[in-house]
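**Student:** Sequence and predicted structure are below.
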Number of protein chains: 4
Amino acid sequence: MASTAQQTQQTDPQPKRTAILEAALDRFAELGVNGVAVPDIANRAQVGTGTIYRYFQNKEALVNALFQEEKLRFGEYLAQTRDRQGSPRELFNQHWQQMVGFAREHPKSFRFLELQDHLPYLDNRSRALERQVLQRLVKPSRNLQQQGVFRTDIRAEIIMATVWGAFVNLMKAERAGYIELSDKDINDARDACWRMCAS
Amino acid sequence: MASTAQQTQQTDPQPKRTAILEAALDRFAELGVNGVAVPDIANRAQVGTGTIYRYFQNKEALVNALFQEEKLRFGEYLAQTRDRQGSPRELFNQHWQQMVGFAREHPKSFRFLELQDHLPYLDNRSRALERQVLQRLVKPSRNLQQQGVFRTDIRAEIIMATVWGAFVNLMKAERAGYIELSDKDINDARDACWRMCAS
Amino acid sequence: MASTAQQTQQTDPQPKRTAILEAALDRFAELGVNGVAVPDIANRAQVGTGTIYRYFQNKEALVNALFQEEKLRFGEYLAQTRDRQGSPRELFNQHWQQMVGFAREHPKSFRFLELQDHLPYLDNRSRALERQVLQRLVKPSRNLQQQGVFRTDIRAEIIMATVWGAFVNLMKAERAGYIELSDKDINDARDACWRMCAS
Amino acid sequence: MASTAQQTQQTDPQPKRTAILEAALDRFAELGVNGVAVPDIANRAQVGTGTIYRYFQNKEALVNALFQEEKLRFGEYLAQTRDRQGSPRELFNQHWQQMVGFAREHPKSFRFLELQDHLPYLDNRSRALERQVLQRLVKPSRNLQQQGVFRTDIRAEIIMATVWGAFVNLMKAERAGYIELSDKDINDARDACWRMCAS
DNA sequence: GATGAATGAGATTTCATTCAT
DNA sequence: TATGAATGAAATCTCATTCAT
């Protein structure tokens, strides 16, 4: 694709910033935010310690910037153009597949975003963004309710929180080594969630 | 019950240890394990800092001990004698209510156990215990499957992880201020989960 | 003297705090507040670095505490019981001698207090205390004015600031190696200051 | 004068150097030498950070260069052509007015030069220059002594240090907010100093 | 010459842990 | 056994200086 070709030609305008965020994601996903020292991130990013403080006011600001970038990346991933055709059931499956796809293709991002507790240091912008991305997940539920496909005796927010929680916990249990997830398992869970919502 | 009466008369054989664990839960639930300094725990427990190290080898051991105590408390809560009579649906509802009850009656315990990421420092014992308690949640699913009440085309572990994840995420979203949960919402989610599992 | 004997028997209730303040005065007097790192103070005080932060919230608080202790010490030095007899001129000379005595007996204290610019980091308490000690120097001027000994066509504050400034600058010039001060020089300056004020 | 007219037409041969020194004086006067980071000076001077190091070997060299420039400026200010006529008293008053004028017209310069402690980093050239400028203040005292106007029973250096110290301390107390100085106060102090010296 | 992003040594500060009492 | 003052290793962060452009 032309756009891809162009992208590869475009040079990152802030390669160090990018390297820092990548390194931070890498370490945070593995050890948690508090398990990683700033110089460790600098090392992995092949950057001086002080450089991190040129791009981010302090460690907390770095965490929030990373959180926001990854939440946005996640939001964009979910919004990827996809076949708008198909039955509601097929659309639901596509949605689910999108969630799986993100967790599989961006495992560090997923671990950092969803498997850790950031409440103690997230700033308002981060929390607003998280809310906003969650709202994007609520919308399809609401649409399906209006189409009479999803039950209407339950709030769309609750449907979303339930499905999303189910999904995240599957990933969490796999990550902790408590279960192994085959493709069938994931599809089974998907179908169970459909049953949960369908009228 | 006599045993209960006795228990209340029994003096705690290790009151300091208990005070430390209580204080630790209190602070950990609010600020996360890494947000709390050991002397802070000692202060809140009305105990010398060094005393903590008489009962626990180090901070990590304290975290693991607390995790295990609370997981056990949670397991026992779930196992509380209840009406074994009733339809499968009623039993499921009782189960769900048990989960809600724990989260409501022991909010600190719930936050600490379920809303934080402990993977980086949990030891084998803690992880084995978590597994074990999760298994207790799997069993009812398996039973209901064997009775033909739950669908059998999906593994009991997956059912459990899904329902449990749905529940935890509701609590998480409430804690983060992203949704407000009425009793109806919680019951709606319960019924949705039932639909998910029932054959 | 009995009081002295008692003092030597009294043990300092906070020997570490005292050692830290002593070490800090020592280094600050020589290199200025910004020329000294906290671990240097700790080393000289034979104390762990962290110990300093048990007694003082941060470096700035240490500077302010030291400033206040030394200002007080200076104030007390000036207030030392002395011969209340004697002519105004003799009293003035005693006053001057007191100032000389402090600068000579507590050279580090004098350098730290008077030859450095603390404005950028002094807190309100420190500034209030400095004001207060300066007021103690204003009072004798005012008294002598009321007795008709000092001229009254000039504000007591101005007299004080002038005499005190003259004295401090003599010490400063000596410290910088720009002049050498004999006893005669110091007495000459004293007499000059007397002429300045006397009616 | 022709030379002055030319000077105003001449473009500064080193405008960046001048901008750096101006910016440094500005910041140093306010925050002290150690309170100002080199890049801050560069920003205010509208100059790249590295540029500072083209004109000055390091920060200490910059401080010394600035100190010397300002001391010279002060020396020149004092030497400004003035009415050589007039009684000794009038000459003394003119001298005093010169000091006041410098402090009022070049407050940053005055604060930097006189209200801060530079001893720890002044180099030999700076200290020699300071001595030299002070000598210029000593000379008039010596002259007046030789004319029999000033008392001769006190060294000219002592007279000078005393008068100068009195003056500086008035300014310092005003700067610290400890006193407010009216024109009358300043003139009163001047007259007091005259009395100090006059035979 | 001029720049300013990048650097890393070094400063400040925290906190898990120890140990004398 | 219990204490909590003391510790210093390690974390966070700053800033004088360099160097590729």
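**Tutor:** Sure thing, it's come through.
**Student:** May I have the residues that are in contact with the nearest residue to residue A:47 once chain neighbours are set aside?
**Tutor:** Leaving aside its sequence neighbours, residue A:47 sits nearest to residue A:16 (CB to CB, 6 or more residues apart in numbering or on different chains; 5.6 Å). The C-beta positions use only the backbone N, C-alpha and C, and glycine is treated the same way. Residue A:16 makes contact with A:45, A:47, A:51, A:55 under the criterion CB atoms under 8 Å, 6 or more residues apart in numbering or on different chains.
**Student:** And for residue A:46?
**Tutor:** Residue A:46 touches residue A:19, counting by CB under 8 Å, 6+ apart.
**Student:** Just say helix, strand or coil for it.
**Tutor:** Under DSSP: H, G, I helix; E, B strand; the rest coil, the three-state class of residue A:46 is coil.
**Student:** ok so, going back, which one of the contacts of residue A:16 sits closest to residue D:28?
**Tutor:** Comparing the contacts of residue A:16 against residue D:28 with CB to CB picks out residue A:51 as the nearest, at 27.9 Å.
**Student:** isn't that closest one right up against residue A:23?
**Tutor:** No. In this structure residue A:51 lies outside contact range of residue A:23 using CB atoms under 8 Å: 11.2 Å.
**Student:** about what we covered before: can you flag the buried ones in the contacts of residue A:16?
**Tutor:** A:45, A:47, A:51, A:55 (16 or more other CB atoms under 10 Å in any protein chain shown).
**Student:** Distance of the second one relative to DNA strand F?
**Tutor:** Between residue A:47 and DNA strand F the computed distance is 11 Å (CB to the nearest atom of the strand, to the nearest Å).
**Student:** With residue A:186 instead?
**Tutor:** Counting by CB to the nearest atom of the strand - residue A:186 and DNA strand F are separated by 36 Å.
**Student:** Tell me, what's the model's pLDDT at that residue?
**Tutor:** Here, the pLDDT recorded for residue A:186 equals 96.
**Student:** residues touching it, list them.
**Tutor:** A:100, A:170.
**Student:** what helix or strand does it sit in?
**Tutor:** helix A:183-197 (DSSP states H and E).
**Student:** If we go by neighbour counts, what in that helix is buried?
**Tutor:** Of the residues in helix A:183-197, those buried (16+ other CB under 10 Å) are A:185, A:186, A:188, A:189, A:190, A:191, A:192, A:193, A:194, A:196, A:197.
**Student:** about what we covered before: which neighbours do residue A:51 and residue A:23 have in common?
**Tutor:** With CB under 8 Å, 6+ apart, residue A:51 and residue A:23 have common neighbours residue A:42.
**Student:** how about low-confidence regions in chain A?
**Tutor:** A:1-9, A:81-83 (pLDDT under 70).
**Student:** In it, which residue sits closest to chain D?
**Tutor:** Nearest residue of chain A to chain D: residue A:54, at 10.8 Å (CB to the nearest CB).
**Student:** Contacts (any at all) between DNA strand E and the helix or strand containing that residue?
**Tutor:** Applying DSSP H and E as the criterion places residue A:54 in helix A:49-55. Yes. Shown here: helix A:49-55 in contact with DNA strand E (CB under 7 Å from any atom of the strand) through A:49, A:50, A:51, A:53, A:54, A:55.
**Student:** same thing with stretch A:60-68?
**Tutor:** No. Stretch A:60-68 is not in contact with DNA strand E by CB under 7 Å from any atom of the strand; minimum separation 12.6 Å.
**Student:** For chain A, which residues are neighbours of DNA strand F?
**Tutor:** Close to DNA strand F, as judged by CB under 7 Å from any atom of the strand, chain A has residues A:36, A:37, A:38, A:39, A:49, A:50, A:53, A:58, A:59, A:60.
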